[in-house]
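>>> sequence and predicted structure below; questions after.
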Amino acid sequence: MRRRSSEHDLVQNHCISGLKWTYVRSKLAPAAPLARSLEGEALEPAKLLRSMMSQQWLRPTAVLLATYIALMAAATFLLGPVWHNWDWAVFGRLSDMRAPAFASNVVVADLTEYDQRVPSRDRQTIANFLDAIRTHGQRPGGVLLDLYFESLCTSEDVKKCSTDPGTAALTRSLDAAAAAKPPIPVYATENPIGSQSGGGIDASYLSELDRDHVYDHVAAGHTILQLAASDGLFYQRCYRLDQKDSAGNVAGTQDIWALPYRVVKDAAGEQRPPCDDARSTEMEAVRLGPQTAFAQSVHPITLKKSFPDGIDFDGKYVIIATLEKDLGPLSKGTAPRSNPELLAWALSDLLESKNADAGYFQPLPANEMLLALLAGFTFITFVAFIAVFQGLRRLRLQMFREYLPWIAAWSAAGFALALFGAFEAWTFFAKQIQPQISLVGLSVLLAAGLCGERGRELLLEQSRSIDAEPDEANDYDVFISYAHDEFDWVYENVYVPFKDAKLSDGSKLSIFFDTSSLRIGSSWQDKISLAIDGSRFIVPIYSDTYFKRPYCRFEIKRAHRKWIGAGDNSRCVLPIMRGKPAILETVDDIQAASIDERPGLVAEVIAQIVEQIQAKPVVRQPDAAAETGATGPAGAVK
């Protein structure tokens, strides 16, 4: 049996020094992380980041990353209707907070006598209106015919079809408007009512358009307005359709632009991007304001009175439509809106967004920022988790240490969501509306959950490994390790004196003293390991029984690992020996004093611990006394 220390300073003998490292190197040579820690490498967040690139971190990190991508993909595609509904609800609320004003240069000429069965009369009314604008010397910014002009010829031989007076008059008026100085831009809707199929255009309907008399004389565009969840309204800027020859082969393509988008681009003299460009296929959100503002812009016209009295159309955009017959996706409910009203708001939004003095709140393009927001706030969550996790590991968490990963995870999630909320507020104050919040919020919560799971795995790996590097935290001042068979003796002769000990400021020692007799499963081992790692001093009670209990051997081996890795005046292992037990060879380099030879040994150890704590104090929690550890966690039988 090795020599036991007597009068020498117990604490200093049991703290590892550079000289003793030569002796223990042979026992723990394979533990490369230990060698690095003893050579001065501290456990810092930067080290944790570097370790992620190591083989030990690579596989679990890759698994969590793949899980994140898979779950986000599932949420994006499988739960699309759900998060779309949430986003449009948020968009609606934000939009209502700053409701858009209706552009003063948008007016509607309502065909109150519109009848699909008498198309010639409606065409004559429109012709009279266009002629009256010219004769009054007015030059509107554009005239939008929000109507579908179907060919009136029912014969397969076009030469056998005669042109009715109303159609002929409309063709002459369209040509006259184009020849005016300056010309009057006239546009027409190219998609028929009811031709929308899944948000697209049914190309078969386009062959029925009256191109000879109408569409070959105007610029055309689509007015497909799609209804999203929560009454959200949007349209696609451009559709590209294949053009086929008589044999059914694709002979070319036809680009059909959204009518309001084309009108505003043409008026500004801006060139439209190619229809296959990503910007062209973006969805443009439509913000709807109060119906009273729209109602003031409506002027009825009839065949007998085709031009409203006292109205100046100079520089205005005139929509010719039928409010009563052209019903759309929002035509039901207590406040129905017709398709022409929706088109008017879409046009008004684009015009107001270009007016710097209008104070218009611009919706940010859908999906344009989504990928950047997902990546950015996921990364913020990850970094915040590392900062909180590493920071809290150095605090005295005691019984809450096992919840550390989830405390860090939800703290990181809360920080990232708060930051995202601040970003949303900033965009709103910058007169922009960023409505895509669901997937960003989901990505933050998912990233936090996966970080928490990885943190839990780290603590488990640490708690189940004898070679785990200890944290810098001191949850407890003292961890008393003993065989449960000797509970009565240990409680009276060791625990009670430690419990009654006080520091100079009157506070008591924080002691982990496990009183549970039934210990089953790995959860006990995990909690005991965390308690050992979080204790500043470990006091094992050596006896013949002690080294026969498997979990006593586990505790002393883990304590020995801490003793090897600790620096001077840091964590120490202070064995108290009863009798002359056969000490495990793996831990016999820790010198133990016999209480049989020195009855006052417990008091000496307490005095030494108190002196060391007061020489190097730690941040102490209020009332962190013996009761904190008096009832320890459950585990396996000692």
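Received the coordinates, thanks. Numbers count the residues shown, from 1 in each chain.

>>> and residue 510, how far is that from residue 492?
Shown here: residue 510 relative to residue 492, a distance of 20 Å by Cβ to Cβ, to the nearest Å. All C-beta spots, glycine's among them, are computed from the backbone N, C-alpha and C.

>>> who has more neighbours out of the two?
More crowded of residue 510 and residue 492, by other Cβ atoms under 10 Å: residue 510, with 27 against 10.

>>> so the more buried one touches residue 478, yeah?
Yes. Using Cβ atoms under 8 Å, residue 510 is in contact with residue 478, at 7.4 Å.

>>> need the per-residue pLDDT for residue 95.
Reported pLDDT at residue 95 in the predicted model: 74.

>>> doesn't it fall inside a helix?
Yes. With the criterion set as DSSP: H, G, I helix; E, B strand; the rest coil, the secondary structure at residue 95 is a helix.

>>> count of neighbours near it?
Applying other Cβ under 10 Å, we find 21 other residues in the vicinity of residue 95.

>>> any idea how far the residue most central in space within the chain is from residue 213?
The C-alpha lying nearest the average C-alpha coordinate of the chain belongs to residue 440 (Cα atoms, centre = their mean; 2.7 Å). Separation of residue 440 from residue 213 (Cβ to Cβ) stands at 51 Å.

>>> restrict stretch 315-323 to CA atoms and write it as CSV.
Extracted as CSV, the C-alpha positions of stretch 315-323 are listed here (Å, rounded to 0.1, in the frame of the first residue of the first chain):
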residue,chain,number,x,y,z
GLY,A,315,-53.4,62.3,-67.1
LYS,A,316,-55.7,59.7,-65.5
TYR,A,317,-55.9,56.0,-66.0
VAL,A,318,-59.5,55.0,-67.1
ILE,A,319,-60.8,51.5,-66.5
ILE,A,320,-63.8,50.7,-68.6
ALA,A,321,-65.6,47.7,-67.0
THR,A,322,-68.9,46.5,-65.6
LEU,A,323,-69.0,46.4,-61.8
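
>>> list the contacts of that stretch.
Contacts with stretch 315-323, where a contact means Cβ atoms under 8 Å, 6 or more residues apart in numbering, come from 105-112, 114, 126, 129, 139-147, 263, 298, 301, 338-341, 343-344, 347, 351.

>>> got a pLDDT number for the closest residue to residue 220 other than its chain neighbours?
Nearest in space to residue 220, with sequence neighbours left out and distances taken as Cβ to Cβ, 6 or more residues apart in numbering, is residue 190 at 3.9 Å. Each residue has a pLDDT score; the one for residue 190 is 82.

>>> do the one 4 residues further on as well
Reading off the confidence values, residue 194 has pLDDT 45.

>>> could you pull out the strands for the stretch 1-150 of the chain?
Ranges of strands within the stretch 1-150 of the chain are 106-111, 142-145, based on DSSP state E, counting those that start in this stretch.

>>> with mean neighbour count and mean pLDDT added, can I get those in CSV?
Conversion of the strands of the stretch 1-150 of the chain to CSV gives the following (neighbours: other Cβ atoms under 10 Å; pLDDT from 0 to 100):
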stretch, mean neighbour count, mean pLDDT
strand 106-111, 24, 95
strand 142-145, 25, 95
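
>>> what's the closest of those strands to residue 554?
Closest to residue 554 of those, according to Cβ to Cβ: strand 106-111, at 79.3 Å.

>>> list the contacts of that closest one.
Where contact means Cβ under 8 Å, 6+ apart, the residues beyond strand 106-111 that reach it are 122, 125-126, 129, 147, 294, 297-302, 308, 311, 313, 316-324, 340-341, 344, 347-348, 351.

>>> and the residues you listed, which of them are in helices?
Using DSSP state H, 122, 125, 126, 129, 294, 340, 341, 344, 347, 348, 351 are the members of the contacts of strand 106-111 that sit in helices.

>>> and which of those residues is nearest residue 506?
residue 348 (74.1 Å).

>>> quick one: residues in contact with whichever helix or strand residue 175 is part of.
Mapping residue 175 onto the secondary structure by DSSP states H and E places it in helix 165-179. Contact partners of helix 165-179, identified using Cβ under 8 Å, 6+ apart, comprise 119-124, 126-128, 130-131, 133-134, 143, 152, 163, 183-184, 186, 210, 213-214, 217-218.

>>> strands paired with the very next helix or strand once past it, and their directions?
Counting by DSSP H and E, the next helix or strand C-terminal to helix 165-179 is strand 186-189. Here strand 186-189 is paired, per DSSP bridges, with strand 142-145 (parallel), strand 219-221 (parallel).
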